[in-house]
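S.K.: predicted coordinates and the sequence they were generated for:
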Amino acid sequence: MSSPSTTDADVANSYNEWDPLKEAIVGCIEGAAVPQWEPSFEVDLTLQCRDFLQMYAGSPFPRELVEPAAKELEEFCRILTAEGITVRRPDCVDFSQPYSTPDFSASGLYAAMPRDILLAIGNEIIEAPMAWRCRFFEHRAYRSLMKDYLRRGAKWTTAPKPLMADELYDFDYLAKSPEEREKLALSRSKFAVTEYEPCFDAADVVRFGRDIFVQRSLTTNQLGILWLQRHLGDRFRVRTVSFEDSKPLHIDASLVPLRPGLALTCPIRPCHQAEGFKKAGWDLVEAAQPTLPNSWKMLFASRWLSMNILVLDPQRVVVEAQEEPLRKQLEDLGFETISIPFRHVYTFGGSFHCATCDVRREGQLEDYGFPSE
Ligand code: ARG
């Protein structure tokens, strides 16, 4: 957790999800706050989450949820450090402070999931233009880190921040019945966000070297994907992927590459482009069933966080301690697994992949079999 002071072009170096991991930002749960209701929550929040928001909106998350999750995060950091990985943490920010812009008023969420906001590609770290109002100021927790990466040689970019005025949200769509919304979402014609301005969450992006796969989701629009492609230029091919998913939000519990030629997919959200992956020489393997009981408090995600694993290198992966079927499956696929308890972090909407941003991995930009078109 030191901050070395050398200037080095490789200070950030990350092209895929599996090369040997050298440095990662790990999220921080301290300061997390329960967000106030906002338009896009209409689609993706479970009933359980709705009641919880009603009760606590605008206040810090209850201690009894924060404390065990913070302990799990500490233990995760300790294990990564013992594996020789440099761990960096965001600043502690009180996210319960309310704020207003000319377009809206809200209060914050957390800095628990760096994956959602930070996109590391090569030597560059991009702050994503996220679409939830409660995440408007989330970057504040990462400013110390970003300044340090900049000073030491990384390229730091912030994508154009959405205004998040009402025009960004499709109120017609949001007002429809859940059944109608599901139909529209499955036909991929409507989402919670409009095309008013670019937006995307970094967690809707998965890196396969030169090929960067992005999903249109509740927080990512076409214009956001266009911004990313134009920004990254010819060295990368930004490709849209989609899944049988009526509430797409973050790709990292739907398509999880493990090593070149092998990726996990989610059995309840088949990938529409599976054939293309197969043609490119990739085996898509359905992840084993999660073990989390339905009664477990889950606020922004599903039990399929089980597959939100962190690949340390093409031989080793970090898996949640109680996800025994997945652990067994990964071992059968030839991986050594490191089991770490993380269910209390699950409650906040992410697991190991969400809670990290892999700023530095060994390796360079490569092609992994996808046609150049
Ligand atoms: N939408 C996913 C699910 O419910 C959760 C993905 C969470 N990912 C993240 N980076 N926060 O299964």
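M.R.: Thanks, I have it. Numbering: from 1, shown residues only.

S.K.: immediately after the host helix or strand of E275, which helix or strand?
M.R.: Taking DSSP states H and E as the criterion, the element that holds E275 is helix 274-279. Beyond helix 274-279 on the C-terminal side, the first helix or strand identified by DSSP H and E is strand 283-286.

S.K.: what strands line up against that following strand, and which way round?
M.R.: Pairing partners of strand 283-286, with direction, according to DSSP bridges: strand 262-265 (parallel).

S.K.: put the alpha carbons of the partner strand into CSV.
M.R.: Listed in CSV are the C-alpha atoms of strand 262-265, where the atom choice follows Å, rounded to 0.1, in the frame of the first residue of the first chain:
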residue,chain,number,x,y,z
LEU,A,262,-11.6,-20.0,-22.5
ALA,A,263,-14.3,-17.9,-20.9
LEU,A,264,-17.2,-18.5,-18.5
THR,A,265,-20.7,-17.6,-19.4
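
S.K.: any low-confidence regions in the chain?
M.R.: Judged by pLDDT under 70, the chain has its weakly predicted residues at 1-7, 9.

S.K.: which parts of this structure are helices?
M.R.: When assigned using DSSP state H, the helices of the chain occupy the ranges 41-44, 47-56, 63-82, 114-117, 143-151, 171-175, 178-186, 222-232, 274-279, 324-332, 343-346.

S.K.: other SSEs contacting the fourth one?
M.R.: Spelled out, that is helix 114-117. Using 3 or more CB pairs under 8 Å, 6 or more residues apart in numbering; DSSP states H and E as the contact criterion, the secondary-structure elements in contact with helix 114-117 are strand 356-361. C-beta here means a position set from N, CA and C on the backbone, and glycine is covered the same way.

S.K.: same for the strand it packs on, what does it pack against?
M.R.: Secondary-structure packing of strand 356-361 (3+ CB pairs under 8 Å, 6+ apart): strand 21-26, helix 114-117, strand 118-121.

S.K.: checking that strand against the ligand, do any of its residues make contact.
M.R.: No. Counting by CB under 6 Å from any ligand atom, the ligand has no neighbours in strand 356-361; the shortest distance is 9.6 Å.

S.K.: show me what contacts D211?
M.R.: Counting by CB atoms under 8 Å, 6 or more residues apart in numbering, D211 makes contact with F236, R237, R239, D367, Y368, F370.

S.K.: T291 contacts R327, doesn't it?
M.R.: No. T291 lies out of contact with R327 (CB atoms under 8 Å); the separation is 9.9 Å.

S.K.: which one of those two is surrounded by more residues?
M.R.: Here T291 and R327 are compared on neighbour count by other CB atoms under 10 Å; more neighbours surround R327, at 22 against 15.

S.K.: ok, now how distant is the more buried one from the ligand?
M.R.: According to CB to the nearest ligand atom, to the nearest Å, R327 and the ligand sit 18 Å apart.
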